[in-house]
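Peer 1: sequence first, predicted model second:
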Amino acid sequence: MTHAAWAVAAAVVLAASPAAAAPVRDARVAAMAARLFPTLHGRGLAGPARVQRIAACAQAAACIAEAAILRDDEREALVQAAGARAADVRREVDGLNEVLRVYGVGKLPRYPLIDGSDDAFGSDGFAAKVADAVMLATAQRDDPAIGGDASLSLALALLDVNDKDAAVAFEPLDARYNAAAVARARRLDWTRFRYTAILALGVGPDDLATPLSPRGKVNVRRAAELYAQGLAPFIIVSGSAVHPRDTPHVEAIEMRRALIERFAVPAEAIVVEPYARHTTTNLRNATRRLIALGAPLERDMLVVSNPGHIDAVASAAFVQRNARELGYQPATVGTRVAPTAIAARPSRDSLRIDPADPLDP
């Protein structure tokens, strides 16, 4: 082979080598980072003290999970540098730490019956998943969505190895599930309707085999009746795969199916909200979908469920729960128009992301 031929061959090999290629991008990691940590994931968290803590663990997985947690002074340094985004940074660092503590260290999650690792803390399974997450976090550190940060990479890896990617399971939500409703909303005269939407709350069944519980069926029927009366242009069906734990059935998807197949409600009148795992986030996430539709937030939506559930929504305890768990009121609850229905005025505060609840942020 001539010198020129060797030069050409060497150039081809170098061009094809991994070292010369751009970092590999994992679309799911990118989606999770953007969904849970929209302020942090492009900001860069690296701090020498944390890097040294992690390095001192000498690859011991449990030690790394603990060392990756940002200390208060490290969090406050990031907050001080964030300017107008200070509150977002503080909330996201706290959420990042919560993921590390729950899935890496063994802290009980906010909702232990439906969230957290499927392996008990102290078990071989829990330790194995932490070790796997450390391995995965190391491998994905150069992913553009991570920005080289060990704590962010480990938090996302812990969720990944536990298959807790519910936060992005239906994305892009409006393009995949709500495109017809979004198109209709663009040409809609909202003033023709008393309410912007009828929000049908999901009610989970008691077993893994039942797709839609009897109470869920009642909520669907009631929502269909109110829609037929012309009270609102849309029915928002809200509820994730929540009860019982590890159910394969998503409440919102099953309610949508029932509305179409059993009551002939047109698909363009149904908005799917398949993320909410709690009544607090039923209202919050419904508000997010209304904002996506361009609905006027100075108008009420109508919340529909069984009388006991509406009792809870109307109670002072629900206001306190919103303040405690969300830090704000996702909607102002108003007039109860029936035992099974109550008006609620949405709040734009509902756009705030809460990664401390990583399955429903």
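Peer 2: Looks like it came in fine. Numbers count the residues shown, from 1 in each chain.
Peer 1: wait, doesn't Y111 sit right on T280?
Peer 2: No: between Y111 and T280 there is no contact under Cβ atoms under 8 Å: 10.9 Å. For every residue, glycine as well, the C-beta is placed using N, CA and C.
Peer 1: neighbour count for the two, which is higher?
Peer 2: Neighbour tally, Y111 and T280, criterion other Cβ atoms under 10 Å: the higher count belongs to T280, 22 against 15.
Peer 1: which SSE is the more buried one in?
Peer 2: helix 279-293 (DSSP states H and E).
Peer 1: and that helix, how far out from the chain middle?
Peer 2: Relative to the chain's own centre, helix 279-293 is displaced by 12 Å; criterion: Cα atoms, centre = their mean, to the nearest Å.
Peer 1: now it - C-alpha only, CSV.
Peer 2: Taking Å, rounded to 0.1, in the frame of the first residue of the first chain, the C-alpha atoms of helix 279-293 are listed here in CSV:
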residue,chain,number,x,y,z
THR,A,279,-56.6,14.6,43.6
THR,A,280,-54.2,17.5,44.1
THR,A,281,-52.6,16.8,40.8
ASN,A,282,-55.8,16.0,39.0
LEU,A,283,-56.7,19.6,39.3
ARG,A,284,-53.2,20.8,38.7
ASN,A,285,-52.6,18.7,35.6
ALA,A,286,-56.1,19.6,34.2
THR,A,287,-55.1,23.2,34.5
ARG,A,288,-52.0,22.5,32.5
ARG,A,289,-54.0,21.0,29.7
LEU,A,290,-56.4,23.9,29.7
ILE,A,291,-53.4,26.2,29.3
ALA,A,292,-52.2,24.1,26.4
LEU,A,293,-55.7,24.4,24.8
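Peer 1: in that helix, which residues are buried?
Peer 2: Of the residues in helix 279-293, 279-290, 293 count as buried by neighbour count, 16 or more other Cβ atoms under 10 Å.
Peer 1: which residues are in contact with that helix?
Peer 2: Under the contact criterion Cβ atoms under 8 Å, 6 or more residues apart in numbering, helix 279-293 has outside partners 174, 178, 181-182, 185, 196-197, 199, 201-202, 234, 236, 238-239, 271, 273, 275-276, 297, 301, 303, 309, 312-313, 318, 321-322, 325-326, 330-331, 344, 346-348, 350-351, 357, 360.
Peer 1: got a list of what the closest residue in space to D149 that isn't next to it in sequence touches?
Peer 2: Leaving aside its chain neighbours, D149 sits nearest to L45 (4.5 Å; criterion: Cβ to Cβ, 6 or more residues apart in numbering). Listed by Cβ under 8 Å, 6+ apart, the contact set of L45 reads L70, L78, G147, D149, S151, L152.
Peer 1: make a markdown table out of these and add secondary structure, pLDDT and neighbour count.
Peer 2: Output for these, formatted as a markdown table (DSSP: H, G, I helix; E, B strand; the rest coil; pLDDT from 0 to 100; neighbours: other Cβ atoms under 10 Å):
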| residue | secondary structure | pLDDT | neighbour count |
| --- | --- | --- | --- |
| L70 | coil | 96 | 20 |
| L78 | helix | 92 | 21 |
| G147 | coil | 83 | 18 |
| D149 | coil | 90 | 23 |
| S151 | helix | 94 | 28 |
| L152 | helix | 95 | 29 |
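Peer 1: fine by me, we can end here.
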